[in-house]
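Q: Give me coordinates for this.
(chains A, B, C, D and E, ligands or ions: 5)
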Amino acid sequence: MDTASYRLEWRELALWRGDRCLQQSLTGRLEAGQALTVRGPNGCGKTTLLRTLCGLSQPETGEILWQGVAVHRNRPDFYAHLAYAGHTNGLKGDLSTRENLRFAAILRGRHTNQNELLHGLRLTACADLPTRNLSAGQKRRAALARVLGSGAQLWVLDEPFTNLDAAGIEWLGKRFNHHLSLGGLLMIAAHQASQVEPDRETILELPGGDT
Amino acid sequence: MDTASYRLEWRELALWRGDRCLQQSLTGRLEAGQALTVRGPNGCGKTTLLRTLCGLSQPETGEILWQGVAVHRNRPDFYAHLAYAGHTNGLKGDLSTRENLRFAAILRGRHTNQNELLHGLRLTACADLPTRNLSAGQKRRAALARVLGSGAQLWVLDEPFTNLDAAGIEWLGKRFNHHLSLGGLLMIAAHQASQVEPDRETILELPGGDT
Amino acid sequence: MISAFLLVLRRELTVAVRRWSDLVMPLMFFIIVCTLFPLAVGQDIEMLNNIGPGAIWVAALLATLLSLNSLFRDDFEDGTLEQLALDKEPLSFMLLAKTIAHWLVTELPLVVLSPVLVLAFGMPVDAIPGLVLTLLAGTPALSLIGSVGAALTAGLRQASGLLALLLLPLTVPVLIFGARAADLAASGQSIAGPLYLLGGISVLALTLAPFATAAAVRVSLD
Amino acid sequence: MISAFLLVLRRELTVAVRRWSDLVMPLMFFIIVCTLFPLAVGQDIEMLNNIGPGAIWVAALLATLLSLNSLFRDDFEDGTLEQLALDKEPLSFMLLAKTIAHWLVTELPLVVLSPVLVLAFGMPVDAIPGLVLTLLAGTPALSLIGSVGAALTAGLRQASGLLALLLLPLTVPVLIFGARAADLAASGQSIAGPLYLLGGISVLALTLAPFATAAAVRVSLD
Amino acid sequence: MWTWFHKLASPPHFYRTATVLEPWLFWPALILLGIGLYGGLIVAPADYMQGDGYRIIYVHVPSSYLSMFSYVTMAVASAIGLIWRMKLAFCVAVACAPIGAAFTFLSLVTGAIWGQPMWGTWWVWDPRLTSQLILFFLYLGYMFLRQALAETRQADRASGVLAVVGVVNIPIIHFSVEWWNSLHQPASLSKLEAPSIAADMLWPLLVMILAYQLLMLALLMTGIRAQVLEREKNARWVGELIGREGRGA
Ligand code: HEM
Ligand SMILES: Nc1ncnc2c1ncn2[C@@H]1O[C@H](COP(=O)(O)OP(=O)(O)OP(=O)(O)O)[C@@H](O)[C@H]1O
Ligand SMILES: Nc1ncnc2c1ncn2[C@@H]1O[C@H](COP(=O)(O)OP(=O)(O)OP(=O)(O)O)[C@@H](O)[C@H]1O
Ligand SMILES: [Mg+2]
Ligand SMILES: [Mg+2]
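A: Ligands and ions are numbered 1, 2, ... in the order given. As a prediction, the model looks like this:
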């Protein structure tokens, strides 16, 4: 990871779905070495916010800046530093975990040591099964392995702890802190504790959810 | 709910996937008013166990009895008392929550008051959206609503707390205890605390998971 | 049991209406295939007349194949198939309702549209009732037999080729009798014989296919 | 950029080869569709001869449609499409790779196999080169135009369904020119005219379709 | 009766039975094949219409007949497996498929070779020929479906359903000649009272059919043994078996 310090900013975002306004006037920033945890009741717009910041959805109003440059002006540069894992796992069910990871790594032009990562995530024994056959937690682990091995500075994770067992959650927390200590940026949406050291963490509590 | 006391038993179950033996010689029983929480590391076979007990998978060896009768001998009677929610939500994305629930209710020959349930699960505001548009937690709530409104004695839930916010988890715990106090049976797989009163709960700790 | 049946039927129809673009595809395909023949074969009226009934039947079979692909796959993936399998009502019955919905949504429009296509092939107007009758008698068998294949391949992705391979041997008799009867009808002869046969196949399929489909669905879920 | 392109191509091919049956399946499908025609239409050799080119083109279009159905839907549902959209390489390029893989896996085998089917229709052996050439020139257009439609329907908004419906007729010109050219080839005439036209459509599709596909994918993901 | 049935159905026991039976089927099959070929190619006179070309009948008819026999065996075994949840039955069904497919292929090829001089073309879309081709597709479908389903248990049951459903095609093949006017030879053997074929030509044919039948059973035994071993590879008795043979060698 290079040592330049990165920063993501967003200003006056308004998030709409259909004819409902989920959130308004969201402004914030995330700097190197910091984590932002988005919390809030179900349906308040966490996923929508994360997807919007990644450029998968268009905000109704407002702008998003990576290194001070509007994201949609410079997708290639932004995406070169971004790794995202959403509610869906982004794995091809017909390929094994190893193959899925190798594909993701080469696409990023990296050659990480897969084995260490697979071992840490306790996926070694099932790394050669088609991911379709994995258990829910194993699928989630494989999706996380893609992000952890991406070498990206900014990790955006939507409920990363879903389906993980206690040991997995703890291990993941350690990796988060390690990533932050190297100057990475982390943004997660979660209903559980984020496992990040408190002094590195900012919590964004989104209001809303329905009656 | 009628007052007869129900019971589910299983003897010497062996669970296999492909050429891997996940669990062997599982024997146990679940009686009216009791909850069984299945725990264990990712990939140890919780989902497989639950699906097998419901009759969705065939066990390699062993038998499963409902009221002392082998389950596959008497599907209609067993299924009349069973409600299951797995990792997938079992919702038609093109239909609204209300439509999905109405369908489930009529199929069971029941006319529960949907509105109360929807209100409790905080789904009222989005009850007429196609479920495809719901947030992850809202989808989960809709799937749970199907089980909670089913009037079945035996609830089998695979990681019911996934994607739910804190308030939702608490609310669900209350419903569990209520169901048990009426003489219902509950079986869940979970990585979190099950929210069930300790004296009603049995914990089945499955060994395994991979290196 | 009847109410469960009607309920499933109604849900399927509702979903189909919401996804109307999926609905129109097989129909468009049917029309395109039928109009292509005159283009490929040329203007020779007699020849067109000759291939007309066969072509319409082939188009119907292919349109069916196209739509069968997703008959159970969506339900398999979103978990609703699982829920049906866990119901106290007999699975075969509810799957029959699904199949009937498929017939209403995919096949019936073809049947209704076929008179127009008769004209495209320059066939005599008298041929219309015969053709429509054979399609009415034969297409239920296509849907029913198709549902068995669709259930067997529900859990598989990219299974369209496999599905065709599984279904061809089972549907060819329907195709042959159907085309034969339509041909007779076009030349003004009596179609009673093959028509009864087609009806017979459909009734046979109606009594047996739902059980095979249910068995296949249970296997796919395992 | 090129390496990302090749990588996507390789992954797609790996997914296809994963189960070798998947690769053989479009072929089987193609053969099966082609055998249906003689069964339905009868054994009259001259007639078979006449419909042969058209039937082979219909079979090719159908095989394409069936497989396009799931070209992006799977990727959409399992989230890999999202991942591609978040990559630093241009999305249109990677989607083009996917489309080319689709062509290699689905269409190319058909083209290679088509000579055998020429025999099934009792067409003269001289017709083979012409048919193969028209298929080679025309099928890329089918895949490319199809990919736009597949991208639009992946997320299935109502409006995109409508667009897909509009796209389907776009493949009709390809089909018509293709069948016409194959027909000319079978009767020993020069096919240069329609062949250039087909090639032209394919080249046009190659330059425009990837951008439309990428835009459609971004719309589907929003 | 039932105890015997259950004993036979236990994989190790059946494995041993099959091992014993195999040579007793294989060698007689070879001998009969020799006799049949001798009778068919040398003893039998040339046909007054077809000359020597008709001799392909000695391959064509037995393989055609066995293509159907194998399918029925496969379907019956599948039905037993589905109803009584008997794994061994599925082993039988799985072993039948490639054998049956091979016979069907042989029947198609010899038929086509024979058709060239007889009808002046390799292939016509005649009902019998078409339905035989369809039988071939049915076998392929069975094997491809198994290939596509990764888990054996699932593959067994799914392909079992297919085999049972597909059995409706067998009567269609057999009666196709009578139901439609067809180019193909109508039944000549089944008319027992007055066989429409000379005795010199007939007996080698019968011998060949018997030889093919025995050969098919021998191959079936081999196939079943392979299946049983494959499925029970983790069982103790297989370990012992391999250990013993390993020591023996
Ligand atoms: C590709 C071409 C052919 C195919 C697929 C084919 C297929 C078959 C089949 C399936 C049977 C078994 C019928 C039954 O047992 O019910 C059969 C039997 C027979 N075939 Fe063919 N055949 C072909 C060509 C021919 C030709 C060219 C001849 C000779 C003119 C011929 C002569 C016979 C005879 C004599 C029998 C025995 C009929 C009986 O006794 O039932 N076949 N063939
Ligand atoms: N074909 C196969 N061959 C070998 N192992 C397989 C095969 N299919 C599935 N498995 C393994 O079987 C196990 C299935 O576990 P299951 O889904 O029951 O786990 P679980 O306890 O529910 O886990 P989670 O907490 O992650 O949901 C996984 O470990 C998976 O890797
Ligand atoms: N077409 C629409 N019209 C109105 N509201 C919509 C529409 N589509 C989506 N929504 C609403 O937008 C919200 C989307 O929320 P989002 O998925 O961002 O929630 P979330 O905070 O991630 O929730 P969760 O914790 O459940 O994952 C939901 O409340 C949903 O009901
Ligand atoms: Mg969310
Ligand atoms: Mg699980």
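
Q: make it CA atoms for all contacts and neighbour counts henceforth
A: Noted.

Q: Can the longest helix anywhere in chain A be said to contact chain B?
A: For chain A, the longest helix by residue count, based on DSSP state H, is helix A:166-181. Yes: using C-alpha under 8 Å from any C-alpha of the partner chain, we find that helix A:166-181 touches chain B at A:166-167.

Q: Stretch E:159-176 now?
A: No: Stretch E:159-176 stays clear of chain B (C-alpha under 8 Å from any C-alpha), getting no nearer than 16.0 Å.

Q: Now the terminal residues of that stretch, how far apart.
A: End-to-end span of stretch E:159-176 (C-alpha to C-alpha, to the nearest Å): 26 Å.

Q: ok so, going back, show me what counts as buried in the longest helix of chain A.
A: Using 16 or more other C-alpha atoms under 10 Å in any protein chain shown as the test for burial, helix A:166-181 gives A:168-169, A:172-173, A:176-177, A:179-180.

Q: and if you look at stretch A:119-134?
A: Going by neighbour count (16+ other C-alpha under 10 Å), the buried part of stretch A:119-134 is A:120-124, A:126-127, A:129-131, A:133-134.

Q: Relative to A:Leu101, which of those is nearest.
A: For the buried residues of stretch A:119-134, the closest approach to A:Leu101 (C-alpha to C-alpha) belongs to A:Ala127, at 9.9 Å.

Q: who are the neighbours in contact with the closest one?
A: When the contact criterion is C-alpha atoms under 8 Å, 6 or more residues apart in numbering or on different chains, the partners of A:Ala127 are A:96-98, A:118.

Q: Can you say which of those are buried?
A: Neighbour counting with 16+ other C-alpha under 10 Å marks A:96-98, A:118 as buried within the contacts of A:Ala127.

Q: Cross those against helices and list the overlap.
A: Using DSSP H, these in helices are A:97-98, A:118.

Q: Of the contacts of A:Ala127, which pair is most distant in space?
A: Among these, A:Ser96 and A:Leu118 lie farthest apart (C-alpha to C-alpha), at 12.2 Å.

Q: chain center to stretch C:177-188: distance?
A: 19 Å (C-alpha atoms, centre = their mean, to the nearest Å).

Q: Same question for stretch C:179-193.
A: 20 Å.

Q: what do you get for stretch E:110-117?
A: 21 Å.

Q: Point out where the chain drops to low pLDDT.
A: The chain I'm using is chain A. A:1-4, A:209-211 (pLDDT under 70).

Q: Sorry, I should have been clearer: chain C.
A: Where chain C drops to pLDDT under 70, the residues are C:40-42, C:158-159.

Q: 80 - rerun?
A: Along chain C, the parts satisfying pLDDT under 80 run over C:1-4, C:18-25, C:35-50, C:120, C:122-123, C:157-161, C:183, C:185-188.

Q: quick one: the helices in it?
A: C:2-18, C:20-41, C:45-68, C:73-78, C:80-85, C:91-102, C:108-120, C:127-152, C:160-186, C:192-221.

Q: what residues are up against residue 56?
A: Chain wasn't specified; assuming chain A. D:82, D:85-86, D:218, D:221-222.

Q: The intended chain is chain E.
A: By C-alpha under 8 Å, 6+ apart, E:Ile56 lies in contact with E:110, E:114.

Q: what pLDDT does it get?
A: For E:Ile56, the model assigns a pLDDT of 85.

Q: Next one: it from chain D, what distance?
A: Counting by C-alpha to the nearest C-alpha, to the nearest Å, the gap between E:Ile56 and chain D amounts to 24 Å.

Q: How about E:Met208?
A: Applying C-alpha to the nearest C-alpha to E:Met208 and chain D gives a distance of 32 Å.

Q: Likewise for A:Ala167?
A: As judged by C-alpha to the nearest C-alpha, A:Ala167 and chain D stand 26 Å apart.

Q: Pull up the gap between that residue and D:Val217, please.
A: 37 Å.

Q: ditto for C:Leu133
A: 44 Å.

Q: between those two, which one's more packed in?
A: Between C:Leu133 and D:Val217, counting by other C-alpha atoms under 10 Å in any protein chain shown, D:Val217 is the more crowded of the two (26 against 18).

Q: excluding its backbone neighbours, what's nearest that one?
A: D:Ala151 (5.3 Å; C-alpha to C-alpha, 6 or more residues apart in numbering or on different chains).

Q: need the contact list for that neighbour.
A: Contacts for D:Ala151 (C-alpha under 8 Å, 6+ apart) come out as D:72-73, D:213-214, D:216-217, D:220.

Q: Kindly report the same for C:Thr139.
A: C:103, C:107, C:202.

Q: Over to A:Leu65?
A: A:8-10, A:71.

Q: what does C:Ala205 give?
A: Here C:Ala205 is in contact with C:141, C:144-145 (C-alpha under 8 Å, 6+ apart).
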